[in-house]
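S.K.: take a look and give me a structure for this.
(one chain, ligands or ions: 2)
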Amino acid sequence: MGARVGREATSGRVVGVEEAVSILRRGGLVALPTETVYGLGASALDPEAVARIFAVKRRPRHHPLIVHVADADHLPGWAEVPEAAWRLAERFWPGPLTLVLRRGPLALDAVTGGLATVGLRVPAHPLTQAVLVGLGGGIAAPSANRFGHISPTTAAHVLADLGDEVDGVLDGGPCAVGIESTIVDLSGGEGEAPRVLRLGAITPEAIAEVLGREVGSSLGAQATAEGERALAPGQLASHYAPRARLELWPREAIGARASALVGARVIVLGDAELGVSAESWARGLYAALREADARGPEVILVPVPPPGALMQAVRDRLERAAAPRNYM
Ligand code: AMP
Ligand code: MG
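M.R.: Ligands and ions are numbered 1, 2, ... in the order given. Prediction:
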């Protein structure tokens, strides 16, 4: 491996696919577009590069990262691949689904946080696909934001958060889905029901249908096979949070709540910012929260999302964004 990429040489530059590949090869960090959110990527085979992800994000070291690969054929080596994983990969990849599997020899402790499992995904964005094909290996990438804050869904969001600490940003436009991938844990083997660890655009029902069996869920902090608590970021009570206090209210109560907050600077989000479909809420949520936050309010009021599977995933993010921040 050649010289590592110096921070000052490369402050928050927008780069193309070839340069992204070469930065990753040299142990640098590149922000990459995916259909979910922008990821902060490093070569998953380079423990020093992976360590920099944690430093730049200010992310606690024990939180595992998702490894992104070009296609399902790359799975062996990274993980033990049960039949159920092949079926889900066939149906949903490339796409917003992460599989947690028992780790293989390629999965470093730096990536898995020392767990016996590894999270794997094939993202759909053509630019990131091209980078994965060019690199040939895996890219470890959490969301490209400071730990606990709002995930980025545009290159500008990444530059605003991490600008001079990332060696390159690949600008792929706004993310099509807008919230993080669904995570399903298949590491329990045939004998154990698959468990959804994080809600996303691929619904538990769709997963159950492909697998022909019931799917459980474990959306809070879960116990691992080793009996330790795996503190997974998407499972922390407080995450995805703006600076302002975020409050969720039933749509019909929002006006009264806004009036009750006399003297406070309040921003109310509604259909104008979020649209009416679940897809538009998911796609626009993080940008709307960032824009509202940038106006410096004390409180952001958001209506409770209407029912529906994707809205449930949006609601999950909003509840974590609204949770009190005394979690660590
Ligand atoms: P982020 O990419 O920042 O959204 O966070 C990565 C997410 O992947 C975390 O929230 C974890 O829940 C999940 N994850 C990655 N690897 C594992 C694993 N081995 N076991 C459980 N969850 C994982
Ligand atoms: Mg994140």
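S.K.: going forward, measure contacts between C-alpha atoms and count neighbours the same way
M.R.: OK.
S.K.: can you map out the helices along the stretch 151-300 of the chain?
M.R.: 155-162, 204-211, 254-260, 271-274, 278-294 (DSSP state H, counting those that start in this stretch).
S.K.: which strands or helices does the second one pack on?
M.R.: Of the remaining helices and strands, those touching helix 204-211 by 3 or more Cα pairs under 8 Å, 6 or more residues apart in numbering; DSSP states H and E are helix 83-92.
S.K.: can you check the last one too?
M.R.: Other elements packing on helix 278-294 under the criterion 3+ Cα pairs under 8 Å, 6+ apart are helix 271-274, helix 309-322.
S.K.: make a markdown table out of those helices and add mean neighbour count.
M.R.: Converted to a markdown table, the helices and strands packed on helix 278-294 look like this (neighbours: other Cα atoms under 10 Å):
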| stretch | mean neighbour count |
| --- | --- |
| helix 271-274 | 14 |
| helix 309-322 | 22 |
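S.K.: how about the helices of the stretch 151-300 of the chain, which one is nearest Trp93?
M.R.: Checking those against Trp93 by Cα to Cα gives helix 204-211 as the closest, at 12.4 Å.
S.K.: can you give me the buried ones in the closest one?
M.R.: 204, 207-208, 211 (16 or more other Cα atoms under 10 Å).
S.K.: Leu301 and Ile254 touch, don't they?
M.R.: Yes - contact criterion Cα atoms under 8 Å: Leu301 and Ile254 qualify, at 7.1 Å.
S.K.: what is in contact with those two at once?
M.R.: In terms of Cα atoms under 8 Å, 6 or more residues apart in numbering, Leu301 and Ile254 are both contacted by the residues Val268.
S.K.: between those two, point out the one with more neighbours.
M.R.: Taking neighbours as other Cα atoms under 10 Å, Leu301 and Ile254 compare with Leu301 leading, 23 against 20.
S.K.: and the more buried one, what element?
M.R.: strand 299-303 (DSSP states H and E).
S.K.: what angle sits between that strand and helix 278-294?
M.R.: Between the axes of strand 299-303 and helix 278-294, defined by axes from the mean of the first three to the mean of the last three Cα atoms, to 10 degrees, the angle is 170 degrees.
S.K.: report pLDDT for Pro268.
M.R.: No Pro there; residue 268 is Val. Val268 is assigned a pLDDT of 97 by the prediction.
S.K.: picking that back up, how about the helices and strands packed on helix 278-294 in CSV, adding mean pLDDT and distance to ligand 1?
M.R.: Compiled in CSV, the helices and strands packed on helix 278-294 are given as follows (pLDDT from 0 to 100; distance: least, Cα to the nearest ligand atom, whole Å):
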stretch, mean pLDDT, distance to ligand 1
helix 271-274, 95, 22
helix 309-322, 95, 11
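S.K.: the residue in the stretch 1-150 of the chain that ligand 1 sits nearest to and Val50, how far apart?
M.R.: Proximity to ligand 1, evaluated over the stretch 1-150 of the chain using Cα to the nearest ligand atom, is greatest for Pro142 at 3.1 Å. Separation of Pro142 from Val50 (Cα to Cα, to the nearest Å) stands at 10 Å.
S.K.: ok, the buried residues of helix 204-211 vs ligand 1, which is closest?
M.R.: Pro204 (15.7 Å).
S.K.: contacts only, for that closest one.
M.R.: Residues in contact with Pro204 (Cα under 8 Å, 6+ apart) are 196, 215.
S.K.: with Glu35 instead?
M.R.: Glu35 makes contact with 95-96, 123-125, 175-178, according to Cα under 8 Å, 6+ apart.
S.K.: which one (most neighbours) among those residues?
M.R.: Busiest of these [other Cα under 10 Å] is Gly178, holding 28 neighbours.
S.K.: please name the nearest non-neighbouring residue to that residue.
M.R.: Setting aside the residues directly before and after it, Gly178 is nearest to Arg283 in space (Cα to Cα, 6 or more residues apart in numbering), at 4.0 Å.
S.K.: show me the shaky parts of the protein.
M.R.: Applying pLDDT under 70 to the chain flags the ranges 1-12, 220-238, 325-328.
S.K.: for the residue nearest to Leu269 when sequence neighbours are not counted, which residues are in contact?
M.R.: Nearest residue to Leu269, sequence neighbours excluded (Cα to Cα, 6+ apart): Val302, at 5.2 Å. By Cα under 8 Å, 6+ apart, the contact set of Val302 is 246-249, 254, 268-270.
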